[in-house]
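> give the three-dimensional model of this entry:
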Amino acid sequence: MALVVTTMASFLTPFMGSAINVALPALGREFSLNALFLNWMATIFLLAAAMSLVPLGRMADLYGRKRLFLWGVALYALSSLACSAAPDAVMLIILRFLQGIGGAMIFGTSTAILISVFPRSERGKVLGINVAAVYTGLSAGPLIGGILTQHLGWRSIFLLNAILGLAVLFCTLWKLKDEWAEARGERFDLAGSFIYSLSLLLLMVGISFLPAAAAGLSAVAGIAGIVVFLRWEKGNPSPLINVSLFYQNRAFTFSNLAALVHYCATYAVSFLMSLYLQLIEGLSPQYAGLILLIQPVLQAVFSPVIGRLSDRVQPRILASLGMALTVCGLGLLTFISTFSTLFPILLSLVLLGLGFALFSSPNVNAIMSSVDRKFLGLASGTLATMRILGQMFSMGIAMLMFALLIGKVELSPLYYPLLLTSMTWTFFLLALLCSLGVFASLARGPMR
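Residues are numbered from 1 along each chain as shown. Purely as a prediction, here's the structure:
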């Protein structure tokens, strides 16, 4: 039953993310938002999740993974319901922050629950199913989000998420009876949690508002805070993060680095392509969602197969091949223009979908199989943090290009050429980053 419950929960947050991306142009028109504020509407969820994931992963190990999972589903459902009635953009951003914390409690524990239940020989299979649920959420999001936005308005997306969240909460209370807390009795590092969360906040706010001088100081303070945090954790008898895992466990370190790079290289694609298809190509939200459906559908279809294959084939081979395909897909997107046909866009989405399917399940399998059971919650939280940080930095790169090339203006046809130029530079930087990430993926070494 754990597989059913966690699979349902794994559907929720990616569904929300991909659905709201399609709704952003409509949301921006209602609240008259500029390009940077529109980007923050998507990024604030990621920031909240990144700030809270590692502390929550540690709390799950200490106090119970099911308990944190339950509270997370409840917070996610209630904040989604509140988002559907938000009166203005500022309140919506605050509620999205709470929604991000609830999401962190869900995906920071769900993988650890699966690993706690299933034996090592079946991990690739169940993780493949779980990843497929994530990609099913990504697949359903653009299509359903586009239909809902076009016919019922963007608020209906949040309302649907609240209903789905309450359904997961009911199933968890009804069927999931066991509890897992292998680190029960150890101390929680409150000071380390504060330093960690504040550092990420300063770093992301700084990146988002570059090239302003104050933003640069904020980013530097965030980086310095992360250095202080790592030194603090190294001498802590009950650390928030077992830093020795990164120093002594090559597979764990480079697998997490590969995840960070790959998510950074890919997450902004759906956000940017949603703007491109609706604003520059003039497509409806429903039609744009249908096109964006291609990538996650391929991910959902092939992830279980690749997950099973990763139990027999070296994960670094499969994951590195996936990253290489992602580079090709991103490279194609650098050539889109106002005169582009749909064919190169569809081809790039196919390459990105296949690349992600080859990368994700093997990489998750490599990370979760490289640590002892005592650190499964921590490993799950760390992996989820790499994913969220990668997604956040991906949006940060897009936001930086918007700030440098467009500025704080409401998106109108007058600024569409600048929007297209910022997209081109963003795709180029993401492709370059992902090509470097292939080496991090190969460097993890053999797992078996």
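> quick one, what contacts the residue sitting nearest the centre point of the chain?
What sits nearest the mean C-alpha location of the chain, by CA atoms, centre = their mean, is I388, with 4.2 Å. Residues in contact with I388 (CB atoms under 8 Å, 6 or more residues apart in numbering) are 46, 49-50, 53, 104, 263. Every C-beta, even on glycine, is put in place using the N, C-alpha and C of the backbone.
> find the residue closest to K125 in space, skipping its chain neighbours.
R308 (5.2 Å; CB to CB, 6 or more residues apart in numbering).
> isn't the one you found right up against L127?
No - R308 is beyond contact range of L127, at 9.7 Å (criterion: CB atoms under 8 Å).
> the more surrounded of those two?
L127 (29 against 18; other CB atoms under 10 Å).
> that one touches G307, doesn't it?
Yes - using CB under 8 Å, L127 is in contact with G307, at 5.4 Å.
> identify the contacts common to those two.
Here L127 and G307 have 361, 365 as joint contacts, going by CB under 8 Å, 6+ apart.
> show the subsequent helix or strand relative to the worst-scoring helix or strand of the chain on mean pLDDT.
When each helix and strand of the chain is scored by mean pLDDT, DSSP states H and E, helix 110-117 comes last, with a mean of 71. Using DSSP states H and E, the helix or strand that follows helix 110-117 in sequence is helix 123-151.
> show me the domain layout of this structure.
2-178+240-442, 189-239 (automatic domain parsing).
> sec struct for S238, please.
Assigned with DSSP: H, G, I helix; E, B strand; the rest coil, S238 falls in the coil class.
> quick one, grab the pLDDT at it.
What the model reports as pLDDT for S238 is 73.
> hang on, the earlier thing: could you measure from the residue nearest to K125 over to W174?
Going from R308 to W174 by CB to CB, to the nearest Å gives 29 Å.
> gap between the residue nearest to K125 and G137?
Applying CB to CB to R308 and G137 gives a distance of 21 Å.
> cool, S208 as well?
When S208 is compared with G137 (using CB to CB), they lie 26 Å apart.
> thinking again about what came up before, any idea which of the domains of the chain is most buried?
Burial of those is given as mean neighbour count (mean count of other CB atoms under 10 Å); domain 2-178+240-442 ranks first at a mean of 21.
> so which elements touch whatever helix or strand A219 lives in?
A219 is located in helix 213-234, with elements delineated by DSSP H and E. Secondary-structure packing of helix 213-234 (3 or more CB pairs under 8 Å, 6 or more residues apart in numbering; DSSP states H and E): helix 190-208.
> mean confidence (pLDDT) on the helix it packs on, please.
84.
> what lies in contact with that helix?
Residues external to helix 190-208 that are found in contact with it (CB under 8 Å, 6+ apart): 36, 39-40, 43, 47, 50-52, 54-55, 58, 215-226, 228-229, 232-233, 236, 239-241, 389, 392-393, 396, 399-400, 403.
> list the residues that contact the nearest residue to L46 once chain neighbours are set aside.
Computed as CB to CB, 6+ apart, the closest residue to L46 that is not its neighbour in sequence is M392, at 4.2 Å. Residues in contact with M392, defined by CB under 8 Å, 6+ apart, are 43, 46-47, 50, 204.
> and the gap between M392 and A42?
Between M392 and A42 the distance is 10 Å, computed by CB to CB.
> low-scoring stretches of the stretch 201-350 of the chain, by residue?
When residues are selected by pLDDT under 70, those of the stretch 201-350 of the chain lie in 310-311.
> now do the helices in it.
213-234, 244-248, 250-266, 268-275, 285-292, 294-309, 315-333, 342-368 (DSSP state H, counting those that start in this stretch).
> one more: the stretch 1-150 of the chain?
Using DSSP H, counting those that start in this stretch, helices in the stretch 1-150 of the chain cover 2-31, 35-63, 65-83, 89-107, 110-117, 123-151.
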